[in-house]
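Engineer: When you get a sec, could you give me coordinates for this:
(4 chains)
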Protein chains: 2
Amino acid sequence: MKELIEHILQFGNLNKQQIELILNKATETELRKDDYFAEAGSTFNQVVFILEGILRIYYYNKKGDEITKYFIDENHLFSNPYKDEPLTEYIQAVTDCKLIIFSKKDWDELSDTIIDWDKIVHKIFQKGMREKLDRRSSLVSEDATTRYLEFLENYPNLTNRIPLSYIASYLGITQQSLSRIRKNIR
Amino acid sequence: MKELIEHILQFGNLNKQQIELILNKATETELRKDDYFAEAGSTFNQVVFILEGILRIYYYNKKGDEITKYFIDENHLFSNPYKDEPLTEYIQAVTDCKLIIFSKKDWDELSDTIIDWDKIVHKIFQKGMREKLDRRSSLVSEDATTRYLEFLENYPNLTNRIPLSYIASYLGITQQSLSRIRKNIR
DNA sequence: ATCACTTTTTACCAAATGGTAAATGTTTTC
DNA sequence: GAAAACATTTACCATTTGGTAAAAAGTGAT
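Structural biologist: This next block holds a predicted model:
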């Protein structure tokens, strides 16, 4: 659980008691490769920290293609930004995963006992959204080769752990195109 | 200022005193078409509400093309998600604008006197980021025609107020392509 | 090692988009 | 209202990407 606390401490200070409070509410769990953490149509009201592994968030467009919206990897927190609304996306384990989970209720109640909790949480998720937005922004305005190179920069340690087809669906191209691009880069 | 208060009230309750507190810190200002609200390299520490007009946020990619990251229009709040860091983007008025401005300091101090202020603010900006992310997501995975049609849905009342070249740079295509697409749709 | 299964690479042609340049249309300024 | 400045459309061809299909490479189970 050290990783989680270190992660949170980047966004604000906590004393030992407060850290205890947080850890008391945490539950560890695991996912196998290809398992779903959550599926479109369901709701999920949890806050999740990835100790190990990679998740991908994807949906289907009108043509029926799988579109990968983003990946989340080790040492990142995430939750459902659309609180009680049913999900429109699938959240799937790309590799085996170890997760730490909080119920949204427990997570929010921490603001009763930890001053600044709301501010810390705000910073954490604000940063997460910002990163996702910035990464996706450049996907629109560049050609496929550039997009792939930027993907390599943005997710340097994910490349060899994710099937090519997922990366292609993240970049908005076919896997054939991505394969061709890889070939031309070398 | 009514519009601003109504906007905030969508995200939480405020009594009359609290509304007063907020309005006391607000300053009105105007921008002319093509004026810059902020430029890359500068910092900006304000929270802005658009009473009238449209702003666009853009940057330059490696090739030197202007890339429009997003538009912000009437009745939306925004601030700089990268607090004290220098901007990498330009914020420009697409039309004449009327704005309400808070200094970041004043804005944040409201949390001393308004319980739940942090939570309300969190919700507001979370929603803003979510919208931007969702809108950009679909830009990656669809062809140019579909992207343009989605733009029309997402920003129905902006289409005729924004030059075609800005829309094209938002969609990640050339203005020639967009012109061709427009022609084919009719 | 072999088979079944999945993932990645190739190949071919069709379709979409980009680059350059010019023509047309619209707005602003004097 | 003419000239200048700016925005949009059109046209031509080059390049990139997609669609379909098949081959090759990789993986896991027996």
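
Engineer: Quick check: residue A:35 touching residue A:93?
Structural biologist: Yes. The pair residue A:35 / residue A:93 is scored as a contact, 4.8 Å apart, by CB atoms under 8 Å. C-betas here are computed from N, CA, C, even on glycine.

Engineer: Can you point out the buried residues in the helix or strand of chain A with the lowest mean pLDDT?
Structural biologist: None of the helices or strands of chain A scores lower by mean pLDDT, DSSP states H and E than helix A:117-141, at a mean of 90. Neighbour counts over helix A:117-141 (16 or more other CB atoms under 10 Å in any protein chain shown) mark A:117-129, A:132-141 as buried.

Engineer: still on that earlier bit, of residue A:35 and residue A:93, which one has the most company?
Structural biologist: Neighbour count, other CB atoms under 10 Å in any protein chain shown: between residue A:35 and residue A:93, residue A:93 has more, with 20 against 13.

Engineer: so how far is residue A:37 from the more buried one?
Structural biologist: From residue A:93 over to residue A:37 the distance is 7 Å, taken as CB to CB, to the nearest Å.

Engineer: intersection of neighbour lists for these two?
Structural biologist: Contact criterion CB atoms under 8 Å, 6 or more residues apart in numbering or on different chains; residues shared by residue A:93 and residue A:37: A:31, A:55.

Engineer: if I pick the most centrally placed residue in chain A, what's in contact with it?
Structural biologist: By CA atoms, centre = their mean, the mean C-alpha position of chain A lies nearest to residue A:72, the distance being 2.7 Å. Taking CB under 8 Å, 6+ apart, we find residue A:72 in contact with A:50, A:54-57, A:78.

Engineer: Of those residues, select the buried ones using a ChimeraX command.
Structural biologist: Burial among the contacts of residue A:72 is assessed by 16+ other CB under 10 Å; the matching ChimeraX selection reads:
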select /A:50,54,55,56,57,78
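
Engineer: Which of the contacts of residue A:72 sits closest to DNA strand D?
Structural biologist: Closest approach between these and DNA strand D, by CB to the nearest atom of the strand: residue A:54, at 16.1 Å.

Engineer: residues in contact with stretch A:122-138?
Structural biologist: By CB under 8 Å, 6+ apart, stretch A:122-138 touches A:8, A:11-12, A:69-70, A:76-79, A:81, A:146-147, A:150, A:154, B:61, B:67, B:69, B:81-82, B:118, B:121-122, B:125-126, B:129-130, B:132-133, B:136-137, B:139-140.
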